[in-house]
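sequence first, predicted coordinates after that:
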Amino acid sequence: MLAEETVRAVNQLTGDWARIAVDKAPDGVDGGTVFSSAGVWPLLAVLAGGANGPARGELEAAVGLAGSVSPLAQGRAVIEALDAMDGVAAATGLWIRQGLVPVRRAWETALPPGVRGALTGDTEADRRELDGWAARHTAGAIDTMPVPVTPDTLLVLAGALLLRTTWTVPFRDGWMTPDHGPWRARQLHGLYQSGKDLDGVRIAHDTPAGPLTVAEIPGDNGLTVFLLLGSEGVAGGEVLHAGVGVLAGDCETRPGSALPPGEAGPGVTVREVTSWDATPTLTIATPQFTVRARHDLLRHAGLFGLRTAMDASRGHFPGISPVPLAVSSAQQAMTAAFTAKGFEAAAVTAFGIDASGVPMQRSMHVGACFDRPFGFLAVHRATGLVLAAGWVTDPDDIPDLSTL
């Protein structure tokens, strides 16, 4: 079970990210997007656990753990907790450039369980490996690793997140034709759900973004989707930021059963209707949607604590490797779909890390592989005296590890 302070820290990053994640389209209308702080936060914590100096301070501040317990331990705890949740699958992967980057064993063994792979320097082969991992851990929803892989990439740290739930009360398919707003006169794929619990909708009147309507759509496992609607003209990022606060209990809400007749809140109307059944009814109408987005975390390096970590003039992660390292890329690819049957979302977040400080020199690499009969000489170094000579034709088999 995650600590309350950790949940609040991850959600705080969600609220802060929301304010910059929703970009304006050329016509001034907020553009669609989707993002996951739960996919980013544990990786930032893991990086903080291997950083020092200003880079560590910035990363710890970004995850809200400055001066707190080990960020590496917290990052691992979040990944493990996510993967244990009903309806959620989480995975991490670490790929290291063979022969060039020695990784600190203490840092690597403290990482969440997951794939440990090798970067070969063959960008095409490495790309196939990384893309395959992303696709496998998102059920094909994300088929490419979001960070570039070049011959200079020394390390890739990635996380994948997959969410799936089926509604406890399915929606009905239908038509939706809005009569106002940016979707006016469009023929939308509408979804309609009716139930007897009026409190499935709540209104928060005093949020920083003004009145906010919150509709709760529970799934059949451990997941619930909340739909948020603010007043017309309020920026989408502000609505999302306020919604995080509402769910945290920062604002009072009024349940549907206590709403007065009339226009009770954004998109919510309370009225008496003629019916064969006197039981109150809540109807939720929404268009079906699929949203895809890609986020370059380095565009907002300050938010994610990466401003110093991306400075390639020196190294920032001595806890990861004695080789000076800096973050060269940090991106998240995500998709989410809301249908009549349920909700599914997938995200892959990845950090590419290159050498930093004094540029690494290009050099010839020579490999020697003794994979057929070979000879040996044992020589007294001071005198050059050969003390033993031999020829190997039958090397030892690997031992039975159970007997060691």
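Arrived safely, thanks for sending.

what about stretch 294-303, how long is it end to end?
End-to-end distance of stretch 294-303: 17 Å, with CA to CA, to the nearest Å as the criterion.

which of the residues in it are buried?
Neighbour-count burial for stretch 294-303 flags 295, 297-298, 300-301, 303 (criterion: 16 or more other CB atoms under 10 Å). Every residue, glycine included, has its C-beta placed from N, CA and C.

same question, stretch 83-103
Using 16+ other CB under 10 Å as the test for burial, stretch 83-103 gives 83, 87-97, 101, 103.

among those residues, which are in strands?
Counting by DSSP state E, the buried residues of stretch 83-103 place 88-97 in strands.

and of those residues, the nearest to residue 357?
Within those, the smallest distance to residue 357 is 16.2 Å, found for residue 97 (CB to CB).

break this structure into its domains for me.
Domain assignment for the chain by automatic domain parsing gives 4-165+289-355, 197-280, 374-403.

deepest of the ones you listed, which one?
Among those, domain 4-165+289-355 has the highest mean neighbour count (mean count of other CB atoms under 10 Å), at a mean of 19.

mind checking the end-to-end distance for that domain?
Where domain 4-165+289-355 begins and where it ends lie 37 Å apart, using CA to CA.

which one of the domains of the chain lies nearest to residue 173?
Checking the domains of the chain against residue 173 by CB to CB gives domain 4-165+289-355 as the closest, at 5.3 Å.

mean confidence for that closest one?
Domain 4-165+289-355 shows a mean pLDDT of 91.

so how far is it from its chain's centroid?
6 Å (CA atoms, centre = their mean, to the nearest Å).

if we can go back for a sec, between the ones in strands among the buried residues of stretch 83-103, which is closest to residue 336?
Set against residue 336, the nearest of these by CB to CB is residue 88 (13.6 Å).

what residues are bridge-paired with the closest one?
Note on residue 88: beta-bridge partners by DSSP bridges are residue 163.

end to end, how far does stretch 254-273 reach?
One end of stretch 254-273 sits 22 Å from the other (CA to CA).

do a quick rundown of the strands in the stretch 151-300 of the chain.
Secondary structure of the stretch 151-300 of the chain (DSSP state E, counting those that start in this stretch): strands located at 153-166, 172-176, 188-195, 201-207, 210-218, 224-230, 254-255, 262-265, 268-270, 282-287, 289-296.

residue 43: which of those is closest?
strand 153-166 (5.2 Å).

what is the orientation angle of the closest one with strand 88-97?
Angle of strand 153-166 versus strand 88-97, following axes from the mean of the first three to the mean of the last three CA atoms, to 10 degrees, is 170 degrees.

just to revisit the earlier point, and the buried residues of stretch 83-103, which is closest to residue 201?
Using CB to CB, the buried residues of stretch 83-103 come closest to residue 201 at residue 87, 22.8 Å.

need the nearest residue in space to residue 156, chain neighbours excluded.
In this structure, residue 156 finds its nearest non-sequential neighbour in residue 95, 4.5 Å apart by CB to CB, 6 or more residues apart in numbering.

and the one you found, what is it in contact with?
Contact analysis of residue 95 by CB atoms under 8 Å, 6 or more residues apart in numbering lists 115-119, 126, 129-130, 155-156, 158.

on that earlier part again, so can I have CSV of the ones in strands among the buried residues of stretch 83-103 showing distance to residue 253?
As requested, those are exported to CSV (distance: CB to CB, whole Å):
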residue, distance to residue 253
88, 26
89, 31
90, 30
91, 35
92, 36
93, 40
94, 42
95, 45
96, 48
97, 51
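
contact partners for residue 174?
Counting by CB under 8 Å, 6+ apart, residue 174 has contacts 190-192.

and if we set it to 10 Å?
Listed by CB atoms under 10 Å, 6 or more residues apart in numbering, the contact set of residue 174 reads 188-192, 285, 340.

residue 15: helix or strand, and which one exactly?
For residue 15, the host element (DSSP states H and E) is helix 4-21.

also residue 330?
Here residue 330, judged by DSSP H and E, is contained in strand 325-338.

that strand: partners in the sheet, and parallel or antiparallel?
Here strand 325-338 has these sheet partners by DSSP bridges: strand 289-296 (antiparallel), strand 342-355 (antiparallel).

what does the first one contact?
Just to be clear, that refers to strand 289-296. Strand 289-296 has contacts (CB under 10 Å, 6+ apart) with 17, 20-23, 31-36, 40, 141-142, 144, 146-147, 188-189, 191, 304, 329-339, 344-347, 349.

what about 8 Å?
For strand 289-296, contacts defined as CB under 8 Å, 6+ apart pick out 21, 32-35, 146, 330-338.

just the strands in the stretch 1-150 of the chain please.
Assigned by DSSP E, counting those that start in this stretch, the stretch 1-150 of the chain shows strands spanning 88-97, 115-119.

quick one: those as TSV, columns for distance to residue 134 too.
Below are the strands of the stretch 1-150 of the chain laid out as TSV (distance: least, CB to CB, whole Å):
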stretch	distance to residue 134
strand 88-97	9
strand 115-119	11
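
thank you kindly, that will do.
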